[in-house]
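Asker: Got a predicted model here, sequence first, then my questions.
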Amino acid sequence: MLQKSPILQSTVKSLPFNWYFKETHFKKELKKIWSNEWVYACHENNIKKPLSYITLQIGQFNIIILREKGGQIRSYINTCNHRGSTLCKETEGTLKTALITCPYHQWSYNSTDGKLIKTSSFITPKNFDKSKLSLKKVNFKIWNGLIFINLSEKQTKWNLKSQFQDYDSIISKIQFEKFEVGHVWKKNINCNWKIFWENYSECLHCPNIHPELSDLVPIYSRRLMDIKEDPNWEEKIGHDDPKFSGGLRKGSETWSLNGSAQGKVIKELKNKKNFQGHIYITNWPSMFLAIFVDHVRVVRVLPIDHENTQVTAEWLFEKSTYDDKKYDKKNVIDFAIKVMLQDGEACELNQKGIYNPGISAGVLMPEEYEVKRFQDWVTKKIR
Ligand code: FES
Ligand code: FE
């Protein structure tokens, strides 16, 4: 049976503008969303070497994710139990020894189990119980090479299918864990984190914000993300022109500067039916996977505060592609950066406009059904 078009049948009000700049509202989201959901940290190979680490900033929270000397992943709250100083100051790095040493008064902790090893006081008081002062562990899950953390005290269970809002079995088939991280790119965007996701969720902006991308994916030039958004889409199936049937422009294979995938095809995509050149899989509130024929891009979204968001992209390549000196990674990396910068600019433009008096919310148009889905998700979570 043919699916119905997902577009909205009537316009609806969008979320109140003050949800995007009120600090008290952001605090509520930190508590109800960011402290409960699984949040993406990085691909395992980003901290490949023993003692390498990253830190994650989620609003005022800060978390360490490291590979201990034996090769296992560990995660701790980035806070010293002495008087609360931050332990690891950098966003990424390598511990000099197997100890995590506080930069303030030099208490040190074992990075493998978080135990307090020594303080810097010359006297140890009688009632001082080292064993009660271990680093606070953070719950984490490594799924297919991707590390997620969870700050909830409830020991939230990992559920793959509900985790990815658009679960597609292809993500269980592709062995991301065997992929190499070819590049990491970070950008702080002056917008609330929800503005990032809303922009991600529609293509009404595509032709004017992304001219190059709309040329590569012709249906985007019609401001549509998917063929099914067209009310008469059944008639367009198998249409000769990708502007109507979706997919990449004729002769192009991947999202890259020249459209070429340089002869690379991810093993598990070789026989994938109806693959139109890209699969996007969303994981609110913190990441999406973009799967292309020759590479995968993982984009992480973290709120710095109520009006600033950090976006991090990791490009993953099959080992053989990663090792191939003839394969030019910049062809896909530079194209995606161009698109992400265009989106970042649009998000900042959006954020700047919402403070003015006299207007307190926007409206969603039919094509913005994904924005509506996201806004409904947020609303439900913060209740
Ligand atoms: Fe860490 Fe004092 S706060 S040693
Ligand atoms: Fe965009």
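Answerer: Noted; the coordinates are in hand. Ligands and ions are numbered 1, 2, ... in the order given.
Asker: Report the buried residues of stretch 86-97.
Answerer: Neighbour counts over stretch 86-97 (16 or more other C-beta atoms under 10 Å) mark 87, 88, 95 as buried. Where C-beta positions appear, they are placed from N, C-alpha and C, glycine not excepted.
Asker: The protein against ligand 1: which residues are in contact?
Answerer: Applying C-beta under 6 Å from any ligand atom, one finds that the chain approaches ligand 1 through 80, 82, 83, 84, 85, 102, 104, 105, 106, 107.
Asker: burial of the last one, as a residue count?
Answerer: To tie it back to what came earlier, the one meant is residue 107. Residue 107 is flanked by 22 other residues according to other C-beta atoms under 10 Å.
Asker: Could you do the third one as well?
Answerer: Under the neighbour criterion other C-beta under 10 Å, residue 83 is assigned a count of 10.
Asker: Please convert the buried members of the residues of the chain next to ligand 1 into ChimeraX selection syntax.
Answerer: The buried residues among the residues of the chain next to ligand 1 can be selected in ChimeraX (16+ other C-beta under 10 Å) with this line:
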select :80,82,102,107
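Asker: which one among the residues of the chain next to ligand 1 gets closest to residue 11?
Answerer: Among the residues of the chain next to ligand 1, residue 84 lies closest to residue 11 (C-beta to C-beta), at 48.6 Å.
Asker: Can I get the residues of the chain next to ligand 1 in CSV including secondary structure and pLDDT?
Answerer: Putting the residues of the chain next to ligand 1 into CSV (DSSP: H, G, I helix; E, B strand; the rest coil; pLDDT from 0 to 100) gives the following:
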residue, secondary structure, pLDDT
80, coil, 98
82, coil, 98
83, coil, 98
84, coil, 98
85, coil, 98
102, coil, 98
104, coil, 98
105, coil, 98
106, coil, 98
107, coil, 98
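Asker: Farthest pair within the residues of the chain next to ligand 1?
Answerer: Using C-beta to C-beta, the residues of the chain next to ligand 1 span at most 14.7 Å, a distance reached by 84 and 106.
Asker: returning to that earlier point: quick one: which of the buried residues of stretch 86-97 is nearest to ligand 1?
Answerer: Nearest to ligand 1 out of those is residue 87 (C-beta to the nearest ligand atom; 7.2 Å).
Asker: how near is the closest one to residue 140?
Answerer: Residue 87 is 17 Å from residue 140, where distance means C-beta to C-beta, to the nearest Å.
Asker: And the longest helix seen in the chain, what does it pack against?
Answerer: Ranked by number of residues, the top helix in the chain under DSSP state H is helix 330-353. When contacts are defined as 3 or more C-beta pairs under 8 Å, 6 or more residues apart in numbering; DSSP states H and E, helix 330-353 sits against strand 180-189, helix 193-200, helix 206-209, helix 211-216, strand 296-305, strand 308-317.
Asker: how about a cut-off of 7 Å?
Answerer: Packed against helix 330-353 by the contact rule (3 or more C-beta pairs under 7 Å, 6 or more residues apart in numbering; DSSP states H and E) you find strand 180-189, helix 193-200, helix 206-209, strand 308-317.
Asker: following it, which helix or strand shows up next?
Answerer: Sequence order places strand 361-364 as the next helix or strand after helix 330-353, per DSSP states H and E.
Asker: Sheet-wise, list the partners of that next one with their directions.
Answerer: Next to strand 361-364 in the sheet, as set by DSSP bridges, lie strand 12-16 (antiparallel).
Asker: Quick one: residues in contact with the next helix or strand after the strand it pairs with.
Answerer: Using DSSP H and E, the helix or strand that follows strand 12-16 in sequence is helix 23-29. Applying C-beta atoms under 7 Å, 6 or more residues apart in numbering, the contact partners of helix 23-29 are 18, 19, 59, 305, 306, 382.
Asker: For ligand 1, state which of these is nearest.
Answerer: Closest approach between the contacts of helix 23-29 and ligand 1, by C-beta to the nearest ligand atom: residue 59, at 21.2 Å.
Asker: my guess is that closest one meets residue 306, correct?
Answerer: No. Using C-beta atoms under 7 Å as the test, residue 59 is too far from residue 306 to be in contact (8.4 Å).
Asker: May I see the helices and strands packed on helix 330-353 arranged in a markdown table, with mean neighbour count as well?
Answerer: Converted to a markdown table, the helices and strands packed on helix 330-353 look like this (neighbours: other C-beta atoms under 10 Å):
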| stretch | mean neighbour count |
| --- | --- |
| strand 180-189 | 16 |
| helix 193-200 | 23 |
| helix 206-209 | 16 |
| strand 308-317 | 21 |
